[in-house]
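> I need the structure of the sequence given here:
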Amino acid sequence: MLSALFGPALILITGILGPTGTWLPENFLSYDHVHAFAQNPLGKLIALAVISLFFWHGAERIFLTLKDMKAGPLPSLKVATYGVAALVTLVTFLVLLSIGF
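A predicted model of the protein is given here:
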């Protein structure tokens, strides 16, 4: 549910308003600004939450679709979908830790 709430706003900000400079500071999506956000502990937590929530939401939707299509045994479908979401969450966590504080 959080993905559905935050997704359109993130697409609007990072995909339309940021690149065109509409209603946002001109350096809003600059490397230095985004890097400073990623170095902040609260920024790390927000980035981890957004990325992992989107992947878990996608994994749930894909799993339910594959289950309805009877695409295979349920345990293998769960490993294929939720396993990818768990792996992406772990990799995101490690990458955010490697950025530094």
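> helices or strands up against the longest helix anywhere in the chain?
As far as residue count goes, and with DSSP state H defining each element, the longest helix of the chain is helix 41-68. Contact analysis of helix 41-68 by 3 or more CB pairs under 8 Å, 6 or more residues apart in numbering; DSSP states H and E lists helix 2-11, helix 31-39, helix 74-99 as its packing neighbours. Yep, even glycine has a C-beta here, placed from its N, CA and C like the rest.
> and with 6 Å instead?
Contact partners of helix 41-68 among helices and strands, from 3 or more CB pairs under 6 Å, 6 or more residues apart in numbering; DSSP states H and E: helix 2-11, helix 74-99.
> So which of the ones you listed is the most surrounded?
Scoring the helices and strands packed on helix 41-68 by mean neighbour count under mean count of other CB atoms under 10 Å gives helix 74-99 as the most buried, with a mean of 14.
> and the most centrally placed residue in the chain, what is it in contact with?
The central residue of the chain, meaning the one whose C-alpha is nearest the mean C-alpha position (CA atoms, centre = their mean), is residue 51 at 1.8 Å. With contact taken as CB atoms under 6 Å, 6 or more residues apart in numbering, residue 51 is in contact with residue 92.
> The one 5 residues further on too?
Shown in contact with residue 56 (CB under 6 Å, 6+ apart): residue 85.
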